[in-house]
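# Got a predicted model here, sequence first, then my questions.
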Amino acid sequence: MSKSWKSDKSSQRDQEVNLLNYKGHRPSVAIRRQRPRAILKSGDCNVLQHNLSRHQLKFLQDIFTTLVDLQWRLVLLIFALSFLLSWLFFAFMFWLIALTHGDLDELHLPPMQEINGWKPCVLNIYSFTSCFLFSLESQHTIGYGVRATTEECPEAVFVTCMQAICGVLVQAFMAGIVFAKLTRPKSRCQTLLFSKNAIIGQRDGELRLMFRVGDMREKSHIIGANIRAQLIQTKVSPEGVAQFPAQDSPF
């Protein structure tokens with residue numbers, strides 16, 4: 001029943017359109033099929049891109065903008081993983097240095113170091129967990145005063161310097177991404193109202209396309225706002241190819 005009703009309605013609509021075209025009238029807005037918007041009211045482009053070669057590599061070339069455009073849950077996940085992976089990487093480096101130096105042997109552990117006179121690369125290192133805690137303390141300059149590097153191993157001092165530099169870079173990069181996402185007021189468009197109908201009127205001796213924009217907020221008004229509109233027209237080339245050039249409206 002539903003399929004036949006839809007087919008009857010569509011055939012009736014086609015007959016009405018043909019009747020109006022036969023009489024020389026233009027179909028009404030209610031009868032004409034509405035085309036999808038090219039640009040949404042939120043400012044997002046309603047355009048799908050197909051058949052792009054190596055498009056994923058192009059997104060990786062501008063990794064900062066790609067991360068800013070991601071959803072919040074993915075950004076927060078990358079934010080947490082960036083710190084966690086850096087802690088684990090440098091913890092593995094300190095554990096490898098302690099293992100090759102012999103600090104993890106039973107006779108060279110902290111309880112036996114004073115008796116045997118053993119000087120480790122990093123003080124108070126027992127296992128990989130101790131190396132992870134030392135990596136966390138070194139990267140964020142926590143410094144509980146229990147673990148510290150010594151002059152015994154220059155490679156440990158070098159890794160500590162590299163972790164300090166990498167920690168600053170990771171914090172600055174991720175803080176910049178979060179700040180850039182916070183300063184993009186996508187939800188601000190929900191309090192901006194556009195007139196449902198646009199009119200063509202005379203302004204300064206010329207015909208202009210006019211519509212209204214209103215701000216619902218009373219306290220935080222937008223200062224120095226610039227409005228830019230685009231008019232998309234359909235043109236057909238002599239070969240019969242439809243073109244959609246975008247033209248800026250003179251506001």
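Structure received.
# I'd like the secondary structure assignment at L231, please.
strand (DSSP: H, G, I helix; E, B strand; the rest coil).
# my guess is it contacts F211, does it?
No. Using C-beta atoms under 8 Å, L231 is not in contact with F211; the gap is 11.9 Å. Placement of C-beta: from N, CA and C, glycine included.
# if I look at the two, which residues touch both of them?
Counting by C-beta atoms under 8 Å, 6 or more residues apart in numbering, L231 and F211 have no common neighbour.
# Got the confidence number for the residue lying farthest from the centre of the chain?
Distance from the centre of the chain peaks at I115, with 56.2 Å (C-alpha atoms, centre = their mean). Per-residue confidence at I115 stands at 84 (pLDDT).
# Distance from the chain centre to the helix or strand containing it, please.
If you go by DSSP states H and E, I115 is part of helix 110-116. Centroid separation for helix 110-116 versus its chain: 52 Å, with C-alpha atoms, centre = their mean, to the nearest Å.
# And the next helix or strand past that helix?
Beyond helix 110-116 on the C-terminal side, the first helix or strand identified by DSSP H and E is helix 128-139.
# Packing partners of that following helix?
Packed against helix 128-139 by the contact rule (3 or more C-beta pairs under 8 Å, 6 or more residues apart in numbering; DSSP states H and E) you find helix 72-101, helix 154-182.
# want to throw those helices into TSV with mean neighbour count and distance to A242?
TSV is the format used below for the helices and strands packed on helix 128-139 (neighbours: other C-beta atoms under 10 Å; distance: least, C-beta to C-beta, whole Å):
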stretch	mean neighbour count	distance to A242
helix 72-101	16	37
helix 154-182	14	38
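# closest one to G240 among those?
helix 72-101 (43.9 Å; C-beta to C-beta).
# what's the angle between the closest one and helix 128-139?
Interaxial angle of helix 72-101 relative to helix 128-139 (axes from the mean of the first three to the mean of the last three C-alpha atoms, to 10 degrees): 120 degrees.
# Check which helices and strands helix 72-101 sits against.
Using 3+ C-beta pairs under 8 Å, 6+ apart: helix 72-101 touches helix 128-139, helix 154-182.
# Quick one: distance of the last one to the chain centre.
The chain centroid and the centroid of helix 154-182 are separated by 20 Å, computed with C-alpha atoms, centre = their mean.
# what angle sits between it and helix 128-139?
60 degrees.
# Whichever helix or strand comes after helix 154-182 pairs with which strands?
As assigned by DSSP H and E, the chain's next helix or strand after helix 154-182 is strand 192-194. Here strand 192-194 is paired, per DSSP bridges, with strand 213-215 (antiparallel).
# ok, the nearest residue to K119 once chain neighbours are set aside - contacts?
Take K119 and drop its neighbours on the chain: the residue closest to it by C-beta to C-beta, 6 or more residues apart in numbering is E152, 4.8 Å away. E152 makes contact with 101, 119-121, according to C-beta under 8 Å, 6+ apart.
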